[in-house]
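Trainee: Attaching a predicted model along with its sequence, questions to come.
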Amino acid sequence: MAISRSQGFQAEAQGDLSMGRALIACGGTGGHLSPGIALAQELILRGWSCRLLISSKKVDTRLIKKYTEIEYDSIPGSGLSFRPLGLFRFVRDFIKGYRSSLKLLEAYTPDVVIGFGGFISASSLLAGARKGAKIAIHEANRVPGRGTRLTSRIADRIYLPEGVSLPGNRADRVSFAGIPLRSEIQPLDKQAARRSLGLNPFRKTLLVFGGSQGARSLTEWSMNHAERLGQNGLQLICLAGLGFASERGAEARGKDKLPIARFIEFSDDMPTLLSAADLVVSRAGAGSLAEIARCRAPAILIPYPFAADDHQARNAEWFEEQGGGILLADPDLENLIGIIEDLIEDDLKLETMRNGLLSIDADNSRFGIADSLEALISDSVSTGTNTAAGQRS
């Protein structure tokens, strides 16, 4: 019997359901992979079999390996580019990814294929539709991406952020949902988090990061301002990104002999990093914003200026409107140090922002999406419309 935990999703008829199978396409960046892992965690708890499709990028492999209960495969894929060489790679890898997905679908026979965006989702979803599986799409950003727009017409369920629309799709296929978060993404004790990072547990702390792959301009800013931050009584953690800066326990140390700055290439322990921080400086990927809200870390958001459809700017604008952060454009980085110095001493403002974050993180959508998927395949089994499920019966 499946576990049902409704979280305010649109009403969907649910019946008894035996174990389902899900193929979850979610690779490319941490912002796509993490919610795929979160949904798999929930579905596995409910007795489902789940298999993830990820990219061959190092960041994907490094993150997924810690989740030994989740099976995964890597398939080819490249981001869309309109430059001749980039377009050639995209088309070549799209075809390879589609063929790889067809082979996996034949072997795995899932009830539903779920895409979380990124450059491998579209080929997997199209292959799933061809094989007769139910199709679901999760869009995390305030501006739906190209892949979502392309595949939405074949989707049986489309999960969008509250208030976001996708023209041309029937209302009965759309549900509003936030981002599924992994079970371990929870706020921790601030002093304990700082101790585990080798920092002074009582010193105010700034975290700077640009998502799972870092952000060059934010890392360079951190290197240039680490000493000044230390002189102002702050300690700095910078998540620099793979391949940009090797891990360094900072050269500068305070009177307590502990580092006043740490530069780390990669970490998959975001709860500890976010919980240690009084203030965060971050890009505005949807996954990062959801984790910031869950860990109650007030943020200054600097959207990546070259994000597709400028979606990070829209994410940051919405986040600021909800009271959880402050938006600063990338060209205005010279103003960042002053904003930090004023804000980190304003305890009342920080507390107001934490209350805004509490409102943003009102519920965990992994439960609602799992409920919806169970209803989807329950309906298809009862009506005999799911070809993939029928192949197993």
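Mentor: Done, it's in.
Trainee: How many residues are close by residue 172?
Mentor: 9 (other CB atoms under 10 Å). All C-beta atoms are positioned from the backbone trio N, CA, C, and that covers glycine.
Trainee: Equivalent analysis for residue 367, please.
Mentor: Neighbour tally, residue 367, other CB under 10 Å: 19.
Trainee: ok, it touching residue 45?
Mentor: No. The criterion here is CB atoms under 8 Å, and residue 367 misses it with residue 45 at 10.1 Å.
Trainee: what's the distance between residue 324 and residue 32?
Mentor: 22 Å (CB to CB, to the nearest Å).
Trainee: meant to ask about residue 97, not that
Mentor: 14 Å.
Trainee: surely residue 29 meets residue 58?
Mentor: No. If you go by CB under 8 Å, residue 29 and residue 58 don't touch, sitting 11.8 Å apart.
Trainee: which of residue 97 and residue 32 has more neighbours?
Mentor: residue 32 (29 against 26).
Trainee: Quick one, grab the pLDDT at the more buried one.
Mentor: The model reports residue 32 with a pLDDT of 88.
Trainee: Leaving out sequence neighbours, find the closest residue to it.
Mentor: Spatial nearest neighbour of residue 32, chain neighbours left out: residue 118 (3.8 Å); criterion: CB to CB, 6 or more residues apart in numbering.
Trainee: what about the one you found, neighbour count?
Mentor: 24.
Trainee: Now do the same for it: its pLDDT.
Mentor: So, for residue 118, pLDDT stands at 79.
Trainee: pretty sure it is in contact with residue 28, am I right?
Mentor: Yes. With contact defined as CB under 8 Å, residue 118 counts as touching residue 28 (3.2 Å).
Trainee: who touches both of the two?
Mentor: 55, 77 (CB atoms under 8 Å, 6 or more residues apart in numbering).
Trainee: re the thing from before, torsion angles phi and psi at the residue nearest to residue 32?
Mentor: Dihedral pair for residue 118: phi 90, psi 170, per degrees, to the nearest 10.
Trainee: for it, what are its contacts?
Mentor: 25-29, 32-33, 55, 77, 147.
Trainee: Surely residue 110 is in a helix?
Mentor: No. Using DSSP: H, G, I helix; E, B strand; the rest coil, the assignment for residue 110 is coil, not a helix.
Trainee: Quick one: the helices in the stretch 151-300 of the chain, in order.
Mentor: Per DSSP state H, counting those that start in this stretch, the stretch 151-300 of the chain carries helices over the ranges 190-196, 216-231, 270-276, 286-294.
Trainee: Kindly apply the preceding question to the stretch 1-150 of the chain instead.
Mentor: 30-45, 58-64, 84-108, 121-130, 146-151.
Trainee: And those: which comes nearest residue 223?
Mentor: Ranking these by their distance to residue 223 (criterion: CB to CB) puts helix 58-64 first, at 21.7 Å.
Trainee: and the residue lying closest to residue 101 once chain neighbours are set aside, how far is that from residue 151?
Mentor: Nearest residue to residue 101 in three dimensions, chain neighbours excluded: residue 127, at 3.6 Å (CB to CB, 6+ apart). For residue 127, the distance to residue 151 (CB to CB) stands at 11 Å.
Trainee: So between the two, which is more surrounded?
Mentor: Using other CB under 10 Å as the criterion, residue 127 and residue 151 rank with residue 127 on top: 25 against 22.
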